Every structure is written in structure tokens, then in C-alpha cells.
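Enquirer: My questions are about this predicted structure, shown below with the sequence.
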Amino acid sequence: LGLVVGRLPGAGAGRLVKSLCSRLSAMSLPSEQVRPALQVLDRVPRESWPRGPSLERWRLELRRSLEERLGKEAAPGGDLPGCIFLIGELGLRDEDPMSVRTVVVLQTIAASQERHVPTRAHSVVALGKLCLQREALAKQLVEFFVCHLGAEQPLAVRNNSLLVLGDLASRYTSLVDRFIPVISDLLCDPSVLLRRQCITTLAALLSEGYVKFKAPFMYRLFRCLSDPVAANRDLVRCCFQEVIQRRIPTVYSQCFVEVVCMLNGCADLSSFQAAVGNAHFVLEDSARRDMVYEFMLSTMTVEHKFRVCSQMVTGFLAPFAEAEPQQRARLPRHIEEPAGRALSDILRLLACRDMQVCFCAKLAQQEGQLDAEEPGASGQAHGGDAAVARGALSTMLRKVVRDSIAPVLV
């Protein structure tokens, strides 16, 4: 109808307008047809509009009627989803201030434990739609949506609050940015749906530049690489490969040891404090931690792996081997404690196949070689440059391992 309504004769367009207005006013249209019906009315040429109230006047009168009905039926037991949904859709089409009473009633319904969950969820969405066109209202209600992310709320209410905050973040970035740590708490929620919704929302905001990849959200997203559900893991891996890696090529080597400490809950070393504030993101299952490490190592170049190796030895292990007792970090007594798990992971990683390139110049040369060389003079020149580079790499490896890594390991 939206494609042909502009070509209808005046009488036909008038009958269509009257029919749609009547059904919308009576709330007899299914929810999925409300927005298309309003879009059709928007496209009707003004000269074809029947005599009587204009479109803007009709919307205002309908909204007032709905607000009056909402107030009368606000007592528990009223079936309000259709009325609430229509108020939200109308609120998306103008920027007129909403009555304080309507906002309060919608908030009351959304927060009421006595209401049916679908009605509460509809109220959250309706408030979100009103906020998208009214920045002052968004500033007033943003904390309301954040509070409804809590585990004590029903799943539908939490899910809709998350979606609303995602939309508000793309419209009013600075308004939601300070709540990203609270939103990212959902990345380890028991609900598979909520974790997936959170991953999708944050990935979309990251790709559009509305959210910055920084702590604590940064470390929490690494944990999702081991999500028990394969579909969720794939979403996170895609986000890292297609968005984060392209913007920060050295992302894994920069924070590898921090991720190890965070996943183990180890905050014993002052240089690595990623575990602070992330206690509920600890992974006691070593198999799941290994999934994170394997993904990170699989994308690193030889140079990045060597940087990680050096950081693990000189940054993490060295404090445990300090000559001065006052400066020496306390060795964990049991492998089950956070520092014991982190120390065990670091030692296992140093011994794994992916990190052997840091101790063997031959393996490093093999990984660093180009897949193919161009023929001719340029190929010979390139081959000479590659030989020089391999020699330099071998010399550098021997020197760093001899002077910095081996003494600490010994």
C-alpha cells in the first residue's frame, strides 16, 4: 500500500485513510501491522486527505485518547500491550513533549512486579521509542533502563532494556558510554539469549564507533571467545577478526598477559590488574581458558608472539624471581588459587608449540618466510633481503633469550 498510495484517486485514498484511522483508533490492527499502517498514512498526499483533522491533528488526538485510556487501565489486571505499543509508535513520529503523567504510568507498569511480563516488556520498549526522539527524556530515563538489566528482572524486560540502551547509545553516545561496564556484565549471564543479544549489540556499536574497545569491556569480550554455545563464540570471533583486529592489529600481543590474569582472577602483580572488578568473569575451567589462548595465538605474527613471550617472562615471571626478598612476589602455595592458575597457564603457554618460535630461530624463520617470491631480478633482490632479515632475526632471538628470558626461567 505504501508504494501505490500516492497513485490512488482522491476518493480511494480518502476511503483508505478513514479505514486505517478508524482501525488504529480502535486498536483493532495486530501489532505487526501498526507501523506499516502509520507509514501508509505518512505517504498519503495532503491533497488526498479527507476533510476533517489533518494527519498531525489526528495523531495528537489519538495520542491523547491513548494516554487517557492508559491512565484509566493502569490498575493491575488491565490488558494494555496494544495501547502501550501504539503510544510508542506514535512517539517515534514526532518530537512533541510527552505528558509527565504518561511517562510515569509507563514507568510504573514496567517496574511493577504484579504486571504480566509481556506488558512490562512492551512498556520498556515504548519508553525507549519516546526517548529516541526526546533527548531530555532519554537523560531522565537512562538509569531506569540500566536498573532493569538486573538479574532479578524477567528475561523479556532485561532483553528489551538492553535493546533500548543499544539504540540510545547510537543516538546519544555520551549518554550511555558510562554504562558500558554494566551492560557488558551480561556477557557472562546464564541466559544464552541474553549473552547473544549483548554480544550482537556491543559488536554493532563497536563496528560503528559508538563504543571504544577499552577496559573492562575489552577483557570481558575476550572471555566470550570460550562461550559454551558455538553460535555465540562465532559471533565474538567474527567481531575480533572483522572489526577489532582491523583497527588494532596488535590487540592480542598488547593485552595477552592481562587476559591470562583476568581469566584466572589473579591480581597479585601490580603490573597486571585486569582481574580487578571482573571477579564474575573468571574461568576455572582450563579447557575454556585454552580456547581463548588458542584463538589469540592463531592470529599472531612471529613478532607478536615474541613480544608476548618476553612480556610473560620479564613482566609476569620476573617478579617471582627477584633477588631482593622485599621486592619478590609471593609464590602461590596451591595451583587452585588464582595466582597458581595464572602461573600454571603462563608456564604451559611458554612450552606450547605456538610459542616455540620464540626459542628457535629456525622455526621463526619458517613462519616468517613469504609463501612465494616474485621471479626475476626483483625476486633475487627480495631473496637477498629476506636472508638478511632472517639472519638479523636469529641474532636478535639469541640475544634476547640469553640476556632476558633464560635467566628468569632458570
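Expert: Received the coordinates, thanks.

Enquirer: From residue 276, how far out is residue 226?
Expert: From residue 226 over to residue 276 the distance is 21 Å, taken as C-beta to C-beta, to the nearest Å. C-beta here means a position set from N, CA and C on the backbone, and glycine is covered the same way.

Enquirer: And for residue 116?
Expert: Distance from residue 116 to residue 276, by C-beta to C-beta: 41 Å.

Enquirer: With neighbour numbers in mind, choose between the two.
Expert: Neighbour count, other C-beta atoms under 10 Å: between residue 116 and residue 276, residue 116 has more, with 17 against 13.

Enquirer: Now do the phi/psi pair for that one.
Expert: phi -70, psi 140 (degrees, to the nearest 10).

Enquirer: just residue 8 next, same as before
Expert: phi -70, psi 150.

Enquirer: go on, residue 250?
Expert: According to degrees, to the nearest 10, residue 250 has phi -100, psi 20.

Enquirer: number of nearby residues for it?
Expert: Around residue 250 there are 13 residues (other C-beta under 10 Å).

Enquirer: And the one 4 residues further on, by the same measure?
Expert: For residue 254, the neighbour count with other C-beta under 10 Å is 15.

Enquirer: With the one 4 residues further on instead?
Expert: Using other C-beta under 10 Å, residue 258 is surrounded by 21 other residues.

Enquirer: Check which helix or strand it maps to.
Expert: Here residue 258, judged by DSSP states H and E, is contained in helix 251-264.

Enquirer: how about the helix or strand just after that helix: buried residues?
Expert: Using DSSP H and E, the helix or strand that directly follows helix 251-264 along the chain is helix 286-298. Buried residues in helix 286-298, counted by 16 or more other C-beta atoms under 10 Å: 289-293, 295-297.

Enquirer: Identify the residues contacting residue 20.
Expert: 37, 40-41 (C-beta atoms under 8 Å, 6 or more residues apart in numbering).

Enquirer: if we take those residues, which one ends up nearest to residue 64?
Expert: Among the contacts of residue 20, residue 41 lies closest to residue 64 (C-beta to C-beta), at 17.5 Å.

Enquirer: Now for the closest one, how many residues are close by?
Expert: 21.

Enquirer: Over the host helix or strand of it, what's the mean pLDDT, rounded is fine.
Expert: Here residue 41, judged by DSSP H and E, is contained in helix 31-43. Average pLDDT, helix 31-43: 87.

Enquirer: again, but for stretch 98-116
Expert: 89.

Enquirer: now stretch 200-207
Expert: pLDDT averaged over stretch 200-207 gives 95.

Enquirer: what's it in contact with?
Expert: Outside stretch 200-207, the residues touching it (C-beta under 8 Å, 6+ apart) are 162-163, 165-166, 169-170, 180, 183-184, 187, 211, 213, 217, 221, 235-236, 238-239, 242-244.

Enquirer: Report the buried residues of stretch 53-64.
Expert: For stretch 53-64, using 16+ other C-beta under 10 Å, the buried residues are 55, 58-59, 62-63.

Enquirer: Could you do stretch 180-194 as well?
Expert: 180, 183-189, 194.

Enquirer: How far off centre is it?
Expert: 9 Å (C-alpha atoms, centre = their mean, to the nearest Å).

Enquirer: do you know how far residue 194 is from residue 150?
Expert: With C-beta to C-beta as the criterion, residue 194 and residue 150 are 12 Å apart.

Enquirer: Need the overlap of contacts for these two.
Expert: In contact with both residue 194 and residue 150: residue 158, using C-beta under 8 Å, 6+ apart.
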